[in-house]
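Asks: task: produce atomic coordinates for the following.
(chains A and B)
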There are 2 protein chains.
Amino acid sequence: MAVEVSNKILSIPSTTISVANVRQANGAELDAIARYRRMTNYLAAAQIYLKGNVLLREPLKPEHIKDRLLGHWGTSPGINLVYAHLNHLITRYALDMFLVTGPGHGAPANLANLYLEGSLHDYYPDLTFDETGLHTFVRSFSWPGGFPSHLYPGVPGTIHEGGELGYALATAFGAAMDNPDLIVACIVGDGEAETGPTATAWHSYKFIHPAQSGAVLPILHLNGYKISNPTIYGTMSDEELLHLFTGYGYHIQFVQGDEHSDLDAQLYAAMDWAYHEIRRIQGAARSGQPIEKPRWPVIIMRTPKGMTGIKELDGEPIEGSFRSHQVPVEDVKTNPEHLKLVEQWLRSYHIEELFDEKGSPLLDILQQCPTGKLRMGSNPHAFGGRIRQPLVLPSIHQFAVQVKHGVGPEHGGVNASNMEQLAKYLTEVVRRNPHNFHIFSPDELQSNKLGAVLDVAPREYEWPVPPHNEKVAAKGGRVIEVLSEHDCQAWLQGYLLTGRNGLFPSYEAFLNIVISMMDQFAKFLKLSLEIPWRLPISSLNYLETSTLWRQEHNGFSHQSPGFINSVLNKKAAVSRVYLPPDANCLISTVDHCLHSTNYVNLVIANKPPMPQWLSMDEAIAHCRAGASIWHWASSDDGVNPDVVLVGIGDNPMLEVMAAAQILRDEMPQMRVRVINVTDLLVLEKDTEHPHGLDEEMFDALFTPDKPVLINFHGYVSAVKQLLFGRRHVQRFHINGYNEEGTTTTPFDMNVRNKTDRYNLIMQAIRLAAVNNPRVAARASERVHHYEYVLVDHRRYIQDNGVDPQEVTNWKWHG
Amino acid sequence: MAVEVSNKILSIPSTTISVANVRQANGAELDAIARYRRMTNYLAAAQIYLKGNVLLREPLKPEHIKDRLLGHWGTSPGINLVYAHLNHLITRYALDMFLVTGPGHGAPANLANLYLEGSLHDYYPDLTFDETGLHTFVRSFSWPGGFPSHLYPGVPGTIHEGGELGYALATAFGAAMDNPDLIVACIVGDGEAETGPTATAWHSYKFIHPAQSGAVLPILHLNGYKISNPTIYGTMSDEELLHLFTGYGYHIQFVQGDEHSDLDAQLYAAMDWAYHEIRRIQGAARSGQPIEKPRWPVIIMRTPKGMTGIKELDGEPIEGSFRSHQVPVEDVKTNPEHLKLVEQWLRSYHIEELFDEKGSPLLDILQQCPTGKLRMGSNPHAFGGRIRQPLVLPSIHQFAVQVKHGVGPEHGGVNASNMEQLAKYLTEVVRRNPHNFHIFSPDELQSNKLGAVLDVAPREYEWPVPPHNEKVAAKGGRVIEVLSEHDCQAWLQGYLLTGRNGLFPSYEAFLNIVISMMDQFAKFLKLSLEIPWRLPISSLNYLETSTLWRQEHNGFSHQSPGFINSVLNKKAAVSRVYLPPDANCLISTVDHCLHSTNYVNLVIANKPPMPQWLSMDEAIAHCRAGASIWHWASSDDGVNPDVVLVGIGDNPMLEVMAAAQILRDEMPQMRVRVINVTDLLVLEKDTEHPHGLDEEMFDALFTPDKPVLINFHGYVSAVKQLLFGRRHVQRFHINGYNEEGTTTTPFDMNVRNKTDRYNLIMQAIRLAAVNNPRVAARASERVHHYEYVLVDHRRYIQDNGVDPQEVTNWKWHG
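Replies: Predicted coordinates:
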């Protein structure tokens, strides 16, 4: 019943260098590191407190203290400890390495190191090694116009802000993918470790090919406390941690102690061991002898929160307590005792031994940093825009769907699955870009009819899979599927920010899971645009499918188009939302997105077969325009419609087309203009969004004054907010998803939300009838008729469990 | 350097009954369970396929097959296996138990069991034990108007839909809290196990007090596959799993095999063991001898996906493969071979041995189910509305803030922190409701100035904490803090849906992490409203604080008011958004929310001290109205304003008040009406939302035609969509958060987003000047002046790092 417990995978990792040996052989180096850390710890504390007297040349006075004390001290000494040792590791082995800092709010530590290594100076020339530069540097932290209290794109070497916790580890893994020589060090705090996204991201190594990809060196830093609480991981015993991380698949090395123990020797040895473990696993794989289930190294470091800081304040412990999380002593400007405490603390680093007279750090300090591109703040991978590898993309014409069938109409004669057609294009993208393109998907590739791409390369998975799954999951694939939208998003972010390209297909409803991450990424992009040395990276491309209109069978929980609204709230320079009406438009749109940079592109399309409207040439022109009148589907002779019908989204457009067809057949006296909007942002004013139509073009499409009936894919709120600034908005009538419909059928989903052809027709007739005797004469009779049609249909659906053939077999006949 | 590996916590759990003994002593019971499972497996398969011939009395023909095949077979046999054994465990020990099913898409299995135990019949009287009832039952699955393919509120015993994966486990823990006798069984699939929220939810036991709360019995069901992929957990070895779950703190029992092994005996023994382990841990705690770090039981069950189903189809394995995930054979209506295969499968259960002639299940089958309230579909806890324990709430008057100070003005004379004031009220709520109220917070209680509630009861935490943290975290507290918004939300959902009450305070920006969960919960509520036997549960109350306007120091990542938009997209019957302008309004609002049922209440307020505007009586009246004219702050004599200034949110209202004051002092010829909107939904039309103002009231507030300048807390998109249907919307000018501002100061944040007093003044003057010579005469001179003021302020901020005293010390002087 219960398995035998094998202890073999729990064996203690062998270290290449023992701590005792390190102590013996590298005493001078350890001393130098300790001196360097005195400097970075001082600089971190100084940034939080000082706006003057940065060399402590005179007694500390209230006027030297910033008026507003901001910044997080607690995590800073840990970051400084790790940074110093990573520097030495890099220098020792000439490593291609940079750092993803989970606790991005420990920016004072990162900034201290970046100042000393000179990476800051490369981008902020006034941050020189002299008293003026030092003063500017120290004061600029959390100062208007200066550095924020968290990491941000303006800090060189940063691909992860670490403001919202949870995503550092998976981001680091994304950066390591397809970068075989790179090691991404990643600090995960014990606060962040509590988040769900981090808890599952530990499994990421199961998706890392040790020959094709680089490695992540995770350093789990347990300082025991969050903002005002002990942490889960901090209260776990070493045994518990050892089991947990062994279960995750890691080899664990603990580093623990405080400033008075041999922390530096321990961490030196642990990093050396980790480096050699990484190279051993990679070496085996690269020499054709891959290790099954390689146990990659993780370092678990326990040190007191706010180590080297103030020990106690008014009888309460500060160091080693949550009380050192942020600014450990607040009222220094008004409380002389507390000012003295802070002064003692700052002087405890003895900076007079670390700076020369001019305020420049002494040479031996500066020599602790690597040089040139070996500096973590200058690692080329962390400047993704500069090394961006654009995709090699095929001509889309070869994937064009023929929309005319035999003697049928010019448009709409052929049914096809938009996703299946797109898959053909994507297959070629995967084939042509074997090293810089990944598809990340939450186990929905096949279900979203994109499975054809697996013919080129299987799913990447490193753990052994059962027989009969070789084509499904294998080592070295280009598609990565995990049932975690968080992982998909963070891996993709890491991959993009290091200069590569990707696509994130997902069920529409479940992209909502990463709204917050999209939001954070869009903010990162927005700030990057303001920083001249951040060159454009490839866009983040979402492909939303299995949309609510075809999720009637999976039920209410699978119906949620809210991601659109969330993207719309981001800066206009960054946000793009596309709802292509057919396969050719979809292919043209995705092709555009894969070419593009610095956007969050949201593309929405469905998977079941549906009528194909536009030839590829028409599709390209339509997508370029963003919206156009489909004259061939309109009955207004191009000038004076009674009503304008607008479809936005493939399902809503199908219903608009059916409505237009029925009206043409049964109400020939009504003049209907048919419009498709494929680029949602054309609706917004041109002063608000670069894709917004100017007034003239807007009126040319929608007329200046006629009633417009919009059939929209998502929540009507999205269209309302976009149209708000337009003139005469009251003539716009918007149908969309209204949170109605559980176990229904595709057509019934439309009926319940009033986006179906018959409700459209009735609405259109009523609108057209207002000023129009031609239409008014027959209006009530026709409305009555269509109401009956709907009743009949509902009865049919109830009896048969499927939509009536009149609906499912409907075809545009021109 | 590395710790010694202790093996002691890895010891094999002792079972109360060995598998061999079970086999020996309970042979007949095991046979009965196996027979019962034949029945439930048949019923699950039948629901997916059949619309006729449900007793298989004639050969299976295409017309017996549903026209649209929907439903998930793969997970169903596993749910049936667990359900059958839970039934026996319940009967054996008369347990208070129900089931949270992670794989809610396995609804055919749940429904089969609920049909047999009669819980379905209690609510759907036509689902009788005869051929007609059986036919209705089988056909109604995934049929328009019938049961959806996933669990939903219409299924008795359900508190978790399981459509969006990730939250089952934490929801189960929320249900167990403060229910000392309850055991919540929870099936977690290996797909769901990959999600981040589940990965961290395993730690939940660290927050469960074994005396005060009940227990969760997690069953991790590994069938090896997701939709079209092997799973991470399925590919992990027993050793890896043993380590992982030992690290999480569990005692593990494995159950593995297929239909031909002794699965029933294994699971019988495992459940018996788990039950006794739970009682042992609880017993120790309840007799005053609590076990430190108790290792609660978890069952890990490995069985083939789609066990007992079709073995192979066209040469591909189905059973034990991802190919059995959904409908294993699709084309049964058109492919006679495949129809035969399905018929063989259905007949393999030999239902002629399980039903009597009338189509009723035989008595021995029915006797496998518990009776009355012991049935899992009838457990009272799963009907939270019926057993809802409303809060005992204090009168809010005792917490009123005095708004008049000495000889100062009637309003705005006192500064106070809205959150600190609210904390006084909440402290009393906690005190009065020691068993049915929890605050769940992502480590932000103290930081959000609500820490005073800890004086009544500490934070709940079960693992040993270091010294000096006894007041911070202790066993049996009423506040639960974990750095996982996902956990907070799911725990709260489980707690509410079992009839209790709660509050979720959070940083504004990080509520976005659970947008998707809120969305799913709002959908659950919406459907519950349609089901007569779902009585109202207490509302889900969010308290958004540390809002973007005071997160300038934490930077851009901490500024995101998008949760508002997400709530607005939910059904009007469910969604409520409040932005109280001061502490008395905040207390009145929260009090209202804690009294309310069936809503998602979003309350937004800040924590730093700010002017207090309304007395408690005024606040109550204002909150009841949702919006009112503040005549005492207006200069329009109540009739004919030149411009209407509207504040929505406490920070925006402060700026509106400052603008009104300055205009009154410096532009006395301008008639300004000042309005505060505290209930955002008043803006929507009354036809769209029950809180929407009718046209008359709307015009009475905002005038029918005057320019209105709205200063809004969040994205302008939220206000635009609400105002869309109003007449003359072009007269509304909306300022709000425009994604601007990183390292700035509170006031500068406003300036960057143009929501500050001076920009308001300038806009107001320009608007008022249009038709108004009185104003126009001085307009350009004044605008010029305020532009200069802003330039001066910016310079001051740049030089000093803080806002000018003119702003920070500003006071309303009436």
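
Asks: when you work out contacts or count neighbours from here on, use the C-alpha atoms and nothing else.
Replies: Fine.

Asks: can you pull out the helices in the stretch 451-600 of chain A?
Replies: A:485-497, A:515-529, A:563-568, A:583-595 (DSSP state H, counting those that start in this stretch).

Asks: for those, which one sits closest to residue A:141?
Replies: helix A:515-529 (17.1 Å; Cα to Cα).

Asks: quick one: is the closest one near chain B?
Replies: Yes: contact of helix A:515-529 with chain B (Cα under 8 Å from any Cα of the partner chain) involves A:515, A:516, A:517, A:520, A:523.

Asks: can you tell me the closest non-neighbouring residue to the third one?
Replies: Here the nearest residue to residue A:517 in space, its sequence neighbours aside, is residue A:489; by Cα to Cα, 6 or more residues apart in numbering or on different chains that works out to 7.4 Å.

Asks: what's near enough to touch that neighbour?
Replies: Counting by Cα atoms under 8 Å, 6 or more residues apart in numbering or on different chains, residue A:489 makes contact with A:440, A:504, A:514, A:517, A:518.

Asks: ranking by neighbours, what's the top pick from those residues?
Replies: The member of the contacts of residue A:489 surrounded by the most neighbours (other Cα atoms under 10 Å in any protein chain shown) is residue A:440, with 27 neighbours in all.

Asks: quick check on that residue: phi, psi?
Replies: As for residue A:440, its main-chain torsions (degrees, to the nearest 10) stand at phi -110, psi 130.

Asks: pull the number of nearby residues for residue A:395.
Replies: When neighbours are defined as other Cα under 10 Å, residue A:395 has 12 of them.

Asks: quickly note the distance from it to residue A:417.
Replies: 20 Å (Cα to Cα, to the nearest Å).

Asks: and the strands in the stretch 51-200 of chain A, which stretches?
Replies: A:96-101, A:182-189 (DSSP state E, counting those that start in this stretch).

Asks: just the ones you listed: most buried one?
Replies: Ranked by average neighbour count under the criterion mean count of other Cα atoms under 10 Å in any protein chain shown, the strands of the stretch 51-200 of chain A are headed by strand A:96-101 at a mean of 27.

Asks: now that one, how far from the centre of its chain.
Replies: Centroid separation for strand A:96-101 versus its chain: 19 Å, with Cα atoms, centre = their mean, to the nearest Å.

Asks: partner strands of that strand, with direction?
Replies: As defined by DSSP bridges, the strand partners of strand A:96-101 come to strand A:182-189 (parallel).

Asks: alpha carbons of the partner strand, as PDB, please.
Replies: Taking C-alpha atoms only, strand A:182-189 is exported to PDB below (Å, rounded to 0.1, in the frame of the first residue of the first chain):
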ATOM      1  CA  LEU A 182      23.500  31.800 -19.700                       C
ATOM      2  CA  ILE A 183      23.000  31.300 -16.000                       C
ATOM      3  CA  VAL A 184      20.200  33.400 -14.500                       C
ATOM      4  CA  ALA A 185      20.600  33.800 -10.800                       C
ATOM      5  CA  CYS A 186      17.300  34.400  -9.100                       C
ATOM      6  CA  ILE A 187      16.600  35.500  -5.500                       C
ATOM      7  CA  VAL A 188      13.300  34.300  -4.200                       C
ATOM      8  CA  GLY A 189      12.300  35.800  -0.900                       C
END
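
Asks: could you give me the average pLDDT of that strand?
Replies: Taken as a whole, strand A:182-189 carries a mean pLDDT of 98.

Asks: stretch A:314-325 too?
Replies: Average pLDDT, stretch A:314-325: 92.

Asks: ends of it, how far apart?
Replies: 17 Å.

Asks: identify all contacting residues around it.
Replies: By Cα under 8 Å, 6+ apart, the residues outside stretch A:314-325 that reach it are A:72-75, A:223-230, A:304-312, A:328, B:468.

Asks: tell me which of those fall in strands.
Replies: Members of these lying in strands (criterion: DSSP state E): residue A:312.

Asks: and the contacts of stretch A:314-325, which of them are buried?
Replies: For these, a neighbour count by 16 or more other Cα atoms under 10 Å in any protein chain shown gives the buried set as A:72-75, A:223-230, A:304-312, A:328.

Asks: how close does the residue nearest to residue A:517 get to residue A:572?
Replies: 21 Å.

Asks: what of residue A:410?
Replies: Separation of residue A:410 from residue A:572 (Cα to Cα) stands at 37 Å.

Asks: and if you look at residue A:282?
Replies: Using Cα to Cα, residue A:282 is found at 43 Å from residue A:572.

Asks: now do residue A:172
Replies: Separation of residue A:172 from residue A:572 (Cα to Cα): 28 Å.

Asks: partners of the helix or strand bottoming out on mean pLDDT in chain A, with directions?
Replies: The helix or strand of chain A with the lowest confidence, counting by mean pLDDT, DSSP states H and E, is strand A:473-474 at a mean of 84. Using DSSP bridges, the strands paired with strand A:473-474 are strand A:459-460 (parallel).

Asks: next, the residue nearest to residue A:255 when sequence neighbours are not counted: secondary structure please.
Replies: Once flanking residues are discounted, residue A:255 sits nearest to residue A:301: 4.6 Å by Cα to Cα, 6+ apart. Here residue A:301 is recorded as strand under DSSP: H, G, I helix; E, B strand; the rest coil.

Asks: so what's residue A:220 up against?
Replies: Listed by Cα under 8 Å, 6+ apart, the contact set of residue A:220 reads A:187, A:188, A:189, A:190, A:298, A:299, A:300, A:301.

Asks: and if you look at residue A:561?
Replies: A:508, A:509, A:547, A:548, A:713, A:714, A:715, A:737.

Asks: could you check how far the nearest residue in space to residue A:232 that is not next to it in sequence is from residue A:597?
Replies: Excluding its sequence neighbours, the residue lying closest to residue A:232 (Cα to Cα, 6+ apart) is residue A:194, at 6.8 Å. Distance of residue A:194 to residue A:597, computed by Cα to Cα: 34 Å.

Asks: more neighbours: which of those two?
Replies: Legend: neighbour count by other Cα under 10 Å for residue A:194 and residue A:597, higher for residue A:194 (27 against 21).

Asks: my guess is that one contacts residue B:483, does it?
Replies: Yes: using Cα atoms under 8 Å, residue A:194 makes contact with residue B:483 at a distance of 5.5 Å.

Asks: what's the neighbour count on residue A:180?
Replies: 16.

Asks: now do it against residue A:347, distance only.
Replies: Residue A:180 is 44 Å from residue A:347, by Cα to Cα.

Asks: in the stretch 301-450 of chain A, which spans are strands?
Replies: All strands of the stretch 301-450 of chain A, identified by DSSP E, counting those that start in this stretch, fall at A:312-313, A:316-317, A:415-417, A:437-441.

Asks: quick revisit: find me the pLDDT at the residue nearest to residue A:255, would you?
Replies: pLDDT, residue A:301: 98.

Asks: quick one, what contacts it?
Replies: By Cα under 8 Å, 6+ apart, the contact list for residue A:301 reads A:219, A:220, A:221, A:222, A:254, A:255, A:256.
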